[in-house]
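Enquirer: Sequence plus predicted model, see below.
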Amino acid sequence: MLTIPAGSFSRYGTTTNVSVITRPYRISAYEITRTQFVSWYRAIAF
């Protein structure tokens, strides 16, 4: 898991297009396919 810190950043290298992240969050370091997600979802029986 990676932690994305709160803060702001410029998208597309322009100063007019700034995004703000108000709270830090965690995200997987690895790409997960739809098939993998469905398999996990069925295995835990939501």
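Expert: It's in.

Enquirer: can you count the residues close to V38?
Expert: With neighbours defined by other C-beta atoms under 10 Å, the count for V38 comes to 10. Glycine gets a C-beta too; all of them are placed from N, C-alpha and C.

Enquirer: what does the strand or helix carrying it rub up against?
Expert: Per DSSP states H and E, V38 falls inside helix 34-44. For helix 34-44, there are no external contacting residues (C-beta atoms under 8 Å, 6 or more residues apart in numbering).

Enquirer: Leaving out chain neighbours, which residue sits closest to the residue positioned nearest the centre of the chain?
Expert: The centre of the chain sits closest to I27, judged by C-alpha atoms, centre = their mean, with a distance of 4.6 Å. Setting aside the residues directly before and after it, I27 is nearest to L2 in space (C-beta to C-beta, 6 or more residues apart in numbering), at 5.5 Å.

Enquirer: pLDDT at the one you found, what is it?
Expert: According to the prediction, L2 has pLDDT 96.

Enquirer: residues contacting it?
Expert: Counting by C-beta under 8 Å, 6+ apart, the residues that L2 touches are 26-29.

Enquirer: ok so, going back, tabulate the CA atom coordinates of the helix holding V38 in CSV.
Expert: Provided in CSV are the C-alpha atoms of helix 34-44 (Å, rounded to 0.1, in the frame of the first residue of the first chain):
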residue,chain,number,x,y,z
ARG,A,34,-11.6,-6.5,-12.8
THR,A,35,-11.3,-10.3,-12.9
GLN,A,36,-9.1,-10.3,-9.7
PHE,A,37,-11.5,-8.0,-7.9
VAL,A,38,-14.6,-10.1,-8.8
SER,A,39,-12.8,-13.2,-7.7
TRP,A,40,-12.0,-11.6,-4.3
TYR,A,41,-15.5,-10.2,-4.0
ARG,A,42,-17.1,-13.6,-4.5
ALA,A,43,-14.6,-15.3,-2.1
ILE,A,44,-15.5,-13.1,0.8
